[in-house]
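>>> Compute the structure for the input listed below.
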Amino acid sequence: MPDEIVTVAAYRYPTEAELARLRLEAEGIECIVVNALSPLLIHPATMGGGVQVQVRAEDAGRASDILKREPEAEQQQAGWVTDEIVCDALPHQAFADVQEAFRQIGKVTRAEASTLTVEGTSTHWLSRVDLKVEIRPEEGGRSRLLFSACSKRGGAGVAAKCMDRLLRALGLSPEPETEPEEMDSPLT
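Here you go, the predicted structure:
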């Protein structure tokens, strides 16, 4: 007996259904789009059932959960990279060093001495990267630096490259042997 196929979502337009199909396939769920030509033949508001996304019955629960999640939240989460490093600098010296490193690779958008937090932006291969560093005092005059970087357009790989540039500017990461030449501003 063939697998039972069930509808997990119905959309007004084929492009919405195709985006849902791509999200499910990225999670390893096989699916099909049904009635994709219906909006071209009849008015979308009157068509019965809409453009449907269908999966095997055993995948229906997981597929529904995936489609209920906000796609922007998934993209943002996928683009975040974090790291944590302990350095010998006193917290306020580390705060000044981090601000200077931000200036070397991009710009400081916010610096709060009270919370020892520095935020800024940089670009890597035409993708904007948002960076944040929190500095927490440790025993013995050391500081713990909590790094996070996000690139919504370039994803986690671009965010990691930009965070590595910040670490190198701080002297906390060795220089790479070879690195491709970067384009730090859009072409005009």
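>>> who's residue 127 bridged to?
Counting by DSSP bridges, residue 127 forms beta bridges with residue 124.
>>> now residue 11
Applying DSSP bridges, one finds that residue 11 bridges with residue 51.
>>> quick one: pLDDT of it?
On pLDDT, residue 11 comes in at 83.
>>> mind listing what it touches?
17, 20, 50, 51, 52, 53 (CB atoms under 8 Å, 6 or more residues apart in numbering). No exception for glycine: its C-beta is placed from N, CA and C like everyone else's.
>>> Sketch out the low-pLDDT regions of the protein for me.
1-2, 38-49, 70-79, 125, 154, 173-188 (pLDDT under 70).
>>> how's it carved up into domains?
5-69, 75-169 (automatic domain parsing).
>>> Please work out which of the ones you listed is packed deepest.
Among these, domain 75-169 has the highest mean neighbour count (mean count of other CB atoms under 10 Å), at a mean of 17.
>>> Show me how far that one is from its chain's centre.
From the chain centre to the centre of domain 75-169 is a distance of 16 Å (CA atoms, centre = their mean, to the nearest Å).
>>> before we move on, the earlier item: any chance of TSV for the contacts of residue 11, columns distance to residue 156?
Conversion of the contacts of residue 11 to TSV gives the following (distance: CB to CB, whole Å):
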residue	distance to residue 156
17	27
20	23
50	34
51	32
52	33
53	27
